[in-house]
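S.K.: Need a 3D model of the following:
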Amino acid sequence: MRIAVTALGAALALLAVGACGSSSGGGSGSASSTLVVGEFNPFSGPDASFGPEMVGGCVPAVRLINASGGVLGHKLNCVQEDTRGDPADAVPAAQKMMATETSLIGVLGPSSDEALATAPLLSQGHVPMFVDTGQAAFDHTTDAYFWRITPADDVKGYALALWAHKAGYTRAAAVFGNDAGAQSDVPTLVRAFTRLGGTIVYNKPFALDQSSYRTEIENMLAAHPQVIFTEVDPQTGATFLSELQQLHGLIPVIGTEVTLQAPWLKAVTGAIGASAMARYFEGMQPYAPPSGPAWQAYNRSLLASGSQVPKPSQWSSDPYSMTYYDAVNVMALAMIAAKSTSPAVFNSDAMKVTEPGAGKTVVDTFAAGKAALQAGQQIQYVGAGGPIVFNRWHNSTGAFEAAKSVKGNLALVGSVSAAQIAAISR
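M.R.: Sure thing, here's the model as predicted:
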C-alpha cells in the first residue's frame, strides 16, 4: 500500500514541480557549465549496496568522457542522490534533485524500490532515466524517457528456474525479502519453475534484518526443499544461512545478482565459511563477460578511479556497473548526435546511437563514437555490457550467467541463453 500511496503523491506533486523539473531537465546551462548525471539509487537502507555499484559505472564513464574533451564543450559529473530504497524518501529526493541540479541531463536509476513512484515524476521533468528497476510493470511502457539496459525481473525469474531445472531440482523454497525489488522476482520464478515440472514448496516474504530466522527455517525445512532461491540483503542472508547451517546443515542456494555483489558475498562468507560458499552457493546475473575492448576501456578507467570509487576492483566484473557505465556513454553520444544537451532534444537519439544498421560504424568507447559522429558517420555503440538493442518499449535484455564464489573470486559455471528464456516465457 505504501508504494501505491506515494506513487499517487508523486503524480499529484507533478503540478508543483513541473516547472522546475522542466528547467533542470533542460540540462543545457551555460556554454561551459558542468552537466550532471544523477546517481538515483539507494545509498542507505537495506539496499545500500546498489549505490556504490552505480558509482562504479558512472565515475569511470565520466572520467573517460572528460578526458576526451567532454560533450559539446561541457564536462560531466556524477552526483549522488540517495533514495534510501523507499518511495516515501525517493519522491522528495527526486524533487530536490530536479530543482537544484540545473544542469541535470539524465539519471542512472531508479531501482525497483522506488521506480513506480518516481519514474512518472522524472518523465514529467523530461529527465532520461537509465533504470535498474526490474519490475514487469515497465515491460511495455510507453514512457519516452524510460530506458532499461538490464533485464527485467520477470526475465530474472525465468533464468533462476531454468538453472535449477538444469541441475535436476524439483522442490524449491523461495526466500525473498519483503521489499518491492526482491518480491518482483517471485511471480515469474514460480510460474517458470512450475512449467518445468517443479514445485515451490515454501514461499514466504522475509522481514529483513531480524536477529533470528529460526521459525522460518523450521517451517521451510518441514516442506523438504532441495534448493533455495533467494534475494535478501547481506545481513539477512548471513543470519538466515548461518542459522540454517547450525540447525540442519546447508542445502543448495541459487541467488539473484544481488547475492553476487561484494557486500553480500563478504557477509555470508564470513557467516558460513568459504568452503561452504563454494559448495552450496551459486548466483545468477546478466551475462556480461569481463573481456573485449569495451570492457578493457571500462576496467582501466575503473581501476584508475580509486579516489572516487572505494575498492574499485570489486566492480570489474559486475554487469550492473558495466551497464551504468554504458548508459552514461549512451547519453553522451546521444547529445553529440543531436547536437544538443537538452534531454527533450537528445533523448530519442539514445536509440539511434545503439541500434544496429547497415553502414553503421561500430564503436566501443565514447572517444571512438565522438570521433565517428563528428566525421558525419552513424554509429552503433557496443559497450562493456555488450550490444544494446532496445525494443519499442525501450527494453534491452540478453542471457544470464551462473557464478560461484571460490576463494574470494567469482568463477563462472554456466549460462542460460536468451533463446531458452524466450521459450519458457511464452
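S.K.: quick one: low-confidence parts of the protein?
M.R.: The model of the chain has pLDDT under 70 over residues 1-32.
S.K.: tell me the centre residue of it?
M.R.: D132 (3.5 Å; Cα atoms, centre = their mean).
S.K.: Distance check, that residue against I421.
M.R.: D132 is 19 Å from I421, where distance means Cβ to Cβ, to the nearest Å. Any C-beta I mention is one placed from the backbone N, CA and C, and that applies to glycine too.
S.K.: now swap in V190 and tell me
M.R.: For V190, the distance to I421 (Cβ to Cβ) stands at 16 Å.
S.K.: hang on, isn't the residue nearest to the centre of the chain packed against E114?
M.R.: No: applying Cβ atoms under 8 Å, one finds D132 not in contact with E114, separated by 10.9 Å.
S.K.: Number of residues surrounding the residue nearest to T142 when sequence neighbours are not counted?
M.R.: Excluding its sequence neighbours, the residue lying closest to T142 (Cβ to Cβ, 6 or more residues apart in numbering) is W393, at 7.5 Å. The local packing of W393 (other Cβ atoms under 10 Å) involves 14 other residues.
S.K.: Pretty sure W393 sits against A136.
M.R.: No: judged on Cβ under 8 Å, W393 makes no contact with A136 at a distance of 11.5 Å.
S.K.: And what about the nearest residue to the residue nearest to the centre of the chain once chain neighbours are set aside, helix, strand or coil?
M.R.: Using Cβ to Cβ, 6+ apart and skipping residues adjacent in sequence, the residue nearest D132 is S111, 5.2 Å away. The local conformation at S111, judged by DSSP: H, G, I helix; E, B strand; the rest coil, is coil.
S.K.: before we move on, what about P263?
M.R.: helix.
S.K.: Name all residues that make contact with it.
M.R.: P263 makes contact with 49, 234, according to Cβ atoms under 8 Å, 6 or more residues apart in numbering.
S.K.: I'd like the distance between it and Q314.
M.R.: 9 Å.
S.K.: Quick one: the strands in the stretch 51-200 of the chain, in order.
M.R.: Using DSSP state E, counting those that start in this stretch, the strands assigned to the stretch 51-200 of the chain run over residues 76-82, 104-108, 129-131, 146-148, 171-176, 199-203.
S.K.: Quickly compare those strands and say which is most buried.
M.R.: With neighbours taken as mean count of other Cβ atoms under 10 Å, the strands of the stretch 51-200 of the chain reach their highest mean count in strand 104-108, at a mean of 29.
S.K.: Adjacent strands (with direction) for it?
M.R.: When pairs are called by DSSP bridges, strand 104-108 turns out to pair with strand 35-41 (parallel), strand 129-131 (parallel).
S.K.: Give me the contact list for the shortest one.
M.R.: Residues outside strand 129-131 that contact it (Cβ under 8 Å, 6+ apart) are 40, 106-111, 115, 119, 122-123, 138, 145-149, 323-324, 327, 330-331.
S.K.: Narrow those to those that are buried.
M.R.: Listed as buried from the contacts of strand 129-131 are 40, 106-111, 115, 119, 122-123, 138, 145-149, 323-324, 327, 330-331; burial here means 16 or more other Cβ atoms under 10 Å.
S.K.: so the nearest residue to V107 once chain neighbours are set aside bridges to which residues?
M.R.: Spatial nearest neighbour of V107, chain neighbours left out: G38 (3.8 Å); criterion: Cβ to Cβ, 6+ apart. Listed by DSSP bridges, the beta-bridge partners for G38 are V79, V107.
S.K.: where do the helices sit along the stretch 1-150 of the chain?
M.R.: Here the stretch 1-150 of the chain has its helices, by DSSP state H, counting those that start in this stretch, at 2-26, 50-67, 87-100, 115-124.
S.K.: before we move on, the earlier item: TSV please, covering the strands of the stretch 51-200 of the chain and showing distance to M220.
M.R.: Below are those laid out as TSV (distance: least, Cβ to Cβ, whole Å):
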stretch	distance to M220
strand 76-82	34
strand 104-108	36
strand 129-131	32
strand 146-148	33
strand 171-176	5
strand 199-203	5
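S.K.: Can you say which of the ones you listed is nearest to S275?
M.R.: strand 171-176 (21.7 Å; Cβ to Cβ).
S.K.: Residues in contact with the closest one: which ones?
M.R.: Residues from elsewhere that reach strand 171-176 (Cβ under 8 Å, 6+ apart): 164, 182-183, 185-186, 189-190, 193, 198-206, 216, 220, 223-232, 240.
S.K.: Of those, grab the buried ones for PyMOL.
M.R.: The PyMOL selection below is limited to those of the contacts of strand 171-176 classed as buried (16+ other Cβ under 10 Å):
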select buried, resi 164+182+183+185+186+189+190+193+198+200+201+202+203+206+216+220+225+226+227+228+229+230+231+232+240
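S.K.: okay, now K96: neighbour count?
M.R.: Other residues close to K96 by other Cβ under 10 Å number 12.
S.K.: same thing with the one 3 residues further on?
M.R.: By the criterion of other Cβ under 10 Å, A99 has 16 neighbours.
S.K.: do N395 as well
M.R.: Number of residues near N395 (other Cβ under 10 Å) recorded here: 21.
S.K.: Mind listing the residues bridging to it?
M.R.: Beta-bridge partners for N395, by DSSP bridges, are R148.
S.K.: so who does it touch?
M.R.: Contacts for N395 (Cβ under 8 Å, 6+ apart) come out as 138-139, 148, 152.
S.K.: Using TSV, lay out those residues together with distance to V362.
M.R.: Shown next, in TSV, are these (distance: Cβ to Cβ, whole Å):
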residue	distance to V362
F138	28
D139	28
R148	22
A152	26
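S.K.: In terms of distance to G73, which of those residues ranks first?
M.R.: R148 (30.1 Å).
S.K.: And the closest one, how far from G306?
M.R.: In terms of Cβ to Cβ, R148 sits 30 Å off from G306.
S.K.: ok, now which ones touch the residue nearest to V107?
M.R.: By Cβ under 8 Å, 6+ apart, the neighbours of G38 are 79, 81, 97, 101, 104, 106-109, 127.
S.K.: Try it again at 10 Å.
M.R.: 24, 54, 58, 78-81, 93-94, 97-98, 101, 104-110, 122, 127, 129 (Cβ atoms under 10 Å, 6 or more residues apart in numbering).
S.K.: same check, this time on S415
M.R.: Applying Cβ under 10 Å, 6+ apart to S415 gives the contacts 159, 162-163, 284, 287, 289, 399-403.
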